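>>> For reference, the sequence and a predicted model appear below.
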Amino acid sequence: MSGPLPERLRFLAIPMAWAYGIGVRVRNARFDAGSGVRELPVPVISIGNITAGGTGKTPFVAWTAAALRQRGHHPVIGMRGYGAAPGERGDEELEYAAILPQVPVVAHPDRHAALTRYLTTRSSRPVDAPNPDCVILDDGFQHRQLRRDLDIVLIDAQRPGLDGRLLPSGWLREPASGLRRASAVVVTRSDQQSMGALAESITRLHGKAPIAWTQHAWRRLERHGEGGKDSLPVSWLRGKRITLLAGVGNPGSVRRAAEAEGATIAGEVSAPDHVQVTETLVRRAIVAAAGSDALLVTRKDWVKLARHFATVGGLPRDTPPWIVPDLAIEFVEGPDGTMGDERMLAILRAAIARPASASGAESPAATSAIVTATASVTK
């Protein structure tokens, strides 16, 4: 699987990957020795990936936050905040605000400092906000400056990349052997055909079978047009001609999901991950959508489009409606025939129940819960 470099620069990929790999190994050795690792006053759950590109972190973080809230906890999401213009919130921060309005998000390159300030300074939080009792670290697997009580890695079944090369020759952020460091592996975008081989590969690298297998599911559609916003069933897409705008890490997954619901992709507007919305981009999308029934965009893109439209006086006139799928995570049966949601809940409960310690290692309570949870998974 080739990496992110364009074809004209591909000849540089291998020497760049070699140099990058040296840096990664030196960095990991430093953190393995405990150097530079800091802690927060509450338990930390890290959700990340070992490859670049979209693996479904946002819906999985959303599921985790919702599950914790349903059980009486008060999580805060910590993230770096990619793609944010000066003085503005980034697309992922805006997306969380839209789908999890009651869960605070702290976005800052120095996550330790920003989260410490939010957790320990009452004036940094809204007056009626409860005291957070845990942190969900978005894209945290390589952010080793923060110790964590639970380290979950997501692997996309449609693009696992575990046998590939390091960036930029391949998509690996670090050697696949780094999976040994993870507490648990969750597979996203699962399909029955590839489960067996992927489970074997993960078990070989991670030392344990995946704790859960999941799929992305569109629960409903939001339609935005001149008449306002309304809700549609996903079946509305069947037989429709749509133009796709997906500035995300893995736009192919959005295309396949739309086609699986019976839509025909009449046009596609390419855009990089975390793209800044400009009038030029909007014009490109409108031109490409001529003759289409709708413009389909991810929520990650819609939050930026909505902000843009608010500054220019509203949606463009005489254009197809903008369709935004409501994306969620669904747990599915793994190769052993069991669901993994209860195992996930068990390790979350164990990690949250344990008070933070000075050790940089995984929490003993979480370790015990993971051993128990994975004991029933057929390797």
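That came through, no problem. Residues are numbered from 1 along each chain as shown.
>>> quick one: the strands in the chain?
44-49, 75-79, 105-107, 134-138, 150-156, 184-188, 212-225, 228-232, 241-245, 264-269, 294-297, 322-332 (DSSP state E).
>>> who wins for proximity to Gly178 among these?
With distances scored as CB to CB, the stretch of the strands of the chain nearest to Gly178 is strand 150-156 (8.6 Å). All C-beta spots, glycine's among them, are computed from the backbone N, C-alpha and C.
>>> low-scoring stretches of the stretch 51-200 of the chain, by residue?
Counting by pLDDT under 70, the ranges of the stretch 51-200 of the chain that qualify are 85-86.
>>> repeat that for 50
Counting by pLDDT under 50, not a single residue of the stretch 51-200 of the chain qualifies.
>>> where exactly do the helices run in it?
57-70, 91-99, 111-120, 195-206 (DSSP state H, counting those that start in this stretch).
>>> Mind listing the residues bridging to the residue lying closest to Ser231 once chain neighbours are set aside?
Setting aside the residues directly before and after it, Ser231 is nearest to Arg220 in space (CB to CB, 6 or more residues apart in numbering), at 5.6 Å. Going by DSSP bridges, Arg220 is paired in beta bridges with Asp326.
>>> List the contacts of Arg220.
Arg220 sits next to Ser231, Leu232, Pro233, Val234, Pro325, Asp326 when contact means CB atoms under 8 Å, 6 or more residues apart in numbering.
>>> Can you add distance to Gly225 and mean neighbour count and give the helices of the stretch 51-200 of the chain back as TSV?
Putting the helices of the stretch 51-200 of the chain into TSV (distance: least, CB to CB, whole Å; neighbours: other CB atoms under 10 Å) gives the following:
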stretch	distance to Gly225	mean neighbour count
helix 57-70	25	20
helix 91-99	18	21
helix 111-120	38	18
helix 195-206	40	18
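>>> Among the ones you listed, single out whichever gets nearest to Ala353.
Closest approach to Ala353 among these is made by helix 57-70 (11.7 Å; CB to CB).
>>> Can I get that closest one as CSV, trimmed to CA atoms?
This file holds the C-alpha atoms of helix 57-70, laid out as CSV (Å, rounded to 0.1, in the frame of the first residue of the first chain):
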residue,chain,number,x,y,z
LYS,A,57,-11.5,7.7,15.9
THR,A,58,-14.2,10.3,16.1
PRO,A,59,-17.2,8.0,16.2
PHE,A,60,-15.4,5.7,18.6
VAL,A,61,-14.4,8.5,20.9
ALA,A,62,-18.1,9.6,20.7
TRP,A,63,-19.3,6.1,21.7
THR,A,64,-16.8,6.0,24.6
ALA,A,65,-17.8,9.4,25.9
ALA,A,66,-21.5,8.5,25.6
ALA,A,67,-21.0,5.1,27.4
LEU,A,68,-19.1,6.8,30.2
ARG,A,69,-21.8,9.5,30.6
GLN,A,70,-24.5,6.9,30.7
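>>> relative orientation of it and helix 91-99 in degrees?
Taking axes from the mean of the first three to the mean of the last three CA atoms, to 10 degrees, one finds that helix 57-70 is oriented at 40 degrees with respect to helix 91-99.
>>> Tell me the helices and strands packed up against helix 57-70.
For helix 57-70, the elements it packs on are strand 44-49, strand 75-79, helix 91-99, strand 134-138, strand 150-156, strand 322-332, helix 341-353, judged by 3 or more CB pairs under 8 Å, 6 or more residues apart in numbering; DSSP states H and E.
>>> quick revisit: what spatial separation is found between the residue nearest to Ser231 and Glu174?
From Arg220 over to Glu174 the distance is 37 Å, taken as CB to CB, to the nearest Å.
>>> Give the buried residues for stretch 40-48.
Of the residues in stretch 40-48, Leu40, Val42, Pro43, Val44, Ile45, Ser46, Ile47, Gly48 count as buried by neighbour count, 16 or more other CB atoms under 10 Å.
>>> Which pair of those residues spans the longest distance?
Checking these against each other with CB to CB, the farthest-apart pair comes out as Val42 and Gly48, at 18.6 Å.
>>> Dump the helices and strands packed on helix 57-70 to a markdown table, plus distance to Ser169.
Supplementary listing: these in a markdown table, determined by distance: least, CB to CB, whole Å:
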| stretch | distance to Ser169 |
| --- | --- |
| strand 44-49 | 18 |
| strand 75-79 | 27 |
| helix 91-99 | 27 |
| strand 134-138 | 26 |
| strand 150-156 | 19 |
| strand 322-332 | 30 |
| helix 341-353 | 33 |
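>>> So for Gln276, which of the ones you listed sits nearest?
Evaluated with CB to CB, the helices and strands packed on helix 57-70 place helix 91-99 nearest to Gln276, the distance being 9.1 Å.
>>> For that closest one, output the C-alpha coordinates as PDB.
Coordinates of the C-alpha atoms in helix 91-99 are reproduced here as PDB (Å, rounded to 0.1, in the frame of the first residue of the first chain):
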ATOM      1  CA  ASP A  91     -13.100  20.800  12.500                       C
ATOM      2  CA  GLU A  92     -12.900  17.900  14.900                       C
ATOM      3  CA  GLU A  93     -13.500  20.100  17.900                       C
ATOM      4  CA  LEU A  94     -16.600  21.600  16.100                       C
ATOM      5  CA  GLU A  95     -17.700  18.100  15.200                       C
ATOM      6  CA  TYR A  96     -17.600  17.000  18.800                       C
ATOM      7  CA  ALA A  97     -19.500  20.100  19.900                       C
ATOM      8  CA  ALA A  98     -22.200  19.100  17.400                       C
ATOM      9  CA  ILE A  99     -22.600  15.500  18.400                       C
END
